[in-house]
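1. Have a look; sequence and predicted model below, questions after that.
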Amino acid sequence: MSSPKISILVVSGSSERLQMAAMVASVGAVSGTEVKVLLSMNALQYFLKSDTSQPAPEGEFGRVMAGKKVPPFKQLLQHAVDLGDAKIHPCSMAMDVLGVKPEDLESFLAAPLGLTRFLTDGASGQLLTF
Amino acid sequence: MAAKQVIDARGTFCPGPLMELIAAIKLAGVGDEIEVLSTDQGSAADIPEWIRKVGHDLITTSSESGVWHVVVRKAK
């Protein structure tokens, strides 16, 4: 029997959505689920090696969370890769728009991926969007 | 001989304690016991759920002075 599959599309640059996407990816990946993440739109900039900014909260929860010892979203995504064999892909369209090359991105990211392939690969599983 | 280790994840929020446990389990040998200390109520429920799901052995779960102690044995 094949593993359950979750495809996670991350387009938001808000701290709450990035955190929740990373939580789902990491816990899913370490629990036997095949996890594939596509980072696009406002999310991708936080995965540039040169970017040291923190995503802004979109609500009160995010403001409260910023003061707590919550695992950083990038660390959780790296755990998803290292401990659960998840695949985290930058969106090729977003890379083109931002003028970003693969070497500009965090080293735990996999190869750039287009939307057609992402949707095809995830067709038999759940698709979650953040 | 099976080893025992303690992971002090007090003060960190979900899924931090779970991730620390999983990182330790990866390095542990079959039969080793790992005790996770956590102050996060969500993790106290989530860690046993993960242990059951992936097939390790939950030895004990207890709470003392606001600290959860979850003991797991690596089964495979």
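-> Sure thing, it's come through.
2. all contacts plus neighbour counts: C-alpha atoms, from now on.
-> Will do.
3. Show me which helix runs longest in the chain.
-> This is for chain A. Counting residues, the longest helix found in chain A (DSSP state H) is helix A:15-29.
4. Hmm, no, I was thinking of chain B.
-> Ranked by residue count and defined by DSSP H, the top helix of chain B is helix B:41-54.
5. Show me what it is packed up against.
-> Packing partners of helix B:41-54 (3 or more C-alpha pairs under 8 Å, 6 or more residues apart in numbering or on different chains; DSSP states H and E): helix B:16-27, strand B:57-64, strand B:67-73.
6. Tell me the first helix or strand C-terminal of the longest helix of chain A.
-> The helix or strand immediately downstream of helix A:15-29 is strand A:34-39, counting by DSSP states H and E.
7. so for that next one, what's the average pLDDT?
-> Strand A:34-39 comes out with an average pLDDT of 98.
8. same deal with stretch A:44-56?
-> 96.
9. Would you indicate which residues of the host helix or strand of residue A:120 are buried?
-> Mapping residue A:120 onto the secondary structure by DSSP H and E places it in helix A:115-121. The neighbour-count check on helix A:115-121 (16 or more other C-alpha atoms under 10 Å in any protein chain shown) flags residue A:118 as buried.
10. Return the residues in contact with residue A:125.
-> Residue A:125 makes contacts with A:4-7, as judged by C-alpha atoms under 8 Å, 6 or more residues apart in numbering or on different chains.
11. wait, which of those residues is closest to chain B?
-> Nearest to chain B out of the contacts of residue A:125 is residue A:4 (C-alpha to the nearest C-alpha; 13.1 Å).
12. The closest one: neighbour count?
-> Using other C-alpha atoms under 10 Å in any protein chain shown, residue A:4 is surrounded by 14 other residues.
13. residues in contact with stretch B:57-66?
-> For stretch B:57-66, with C-alpha under 8 Å, 6+ apart as the criterion, the contacting residues are B:39, B:44, B:48, B:51-52, B:68-75.
14. pLDDT weak spots in chain A?
-> A:1 (pLDDT under 70).
15. That one: helices as residue ranges?
-> Counting by DSSP H, the helices of chain A are A:15-29, A:60-65, A:73-84, A:92-98, A:115-121.
16. Could you export the longest one as PDB, keeping only the C-alpha atoms?
-> This file holds the C-alpha atoms of helix A:15-29, laid out as PDB (Å, rounded to 0.1, in the frame of the first residue of the first chain):
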ATOM      1  CA  SER A  15       4.000  34.500  10.000                       C
ATOM      2  CA  GLU A  16       0.900  32.500  11.000                       C
ATOM      3  CA  ARG A  17       0.500  30.900   7.600                       C
ATOM      4  CA  LEU A  18       4.100  30.100   7.200                       C
ATOM      5  CA  GLN A  19       4.200  28.600  10.700                       C
ATOM      6  CA  MET A  20       1.100  26.400  10.100                       C
ATOM      7  CA  ALA A  21       2.400  25.200   6.700                       C
ATOM      8  CA  ALA A  22       5.700  24.200   8.300                       C
ATOM      9  CA  MET A  23       3.900  22.500  11.200                       C
ATOM     10  CA  VAL A  24       1.800  20.400   8.800                       C
ATOM     11  CA  ALA A  25       4.700  19.600   6.600                       C
ATOM     12  CA  SER A  26       7.000  18.500   9.400                       C
ATOM     13  CA  VAL A  27       4.500  16.500  11.500                       C
ATOM     14  CA  GLY A  28       3.100  14.900   8.300                       C
ATOM     15  CA  ALA A  29       6.500  14.000   7.000                       C
END
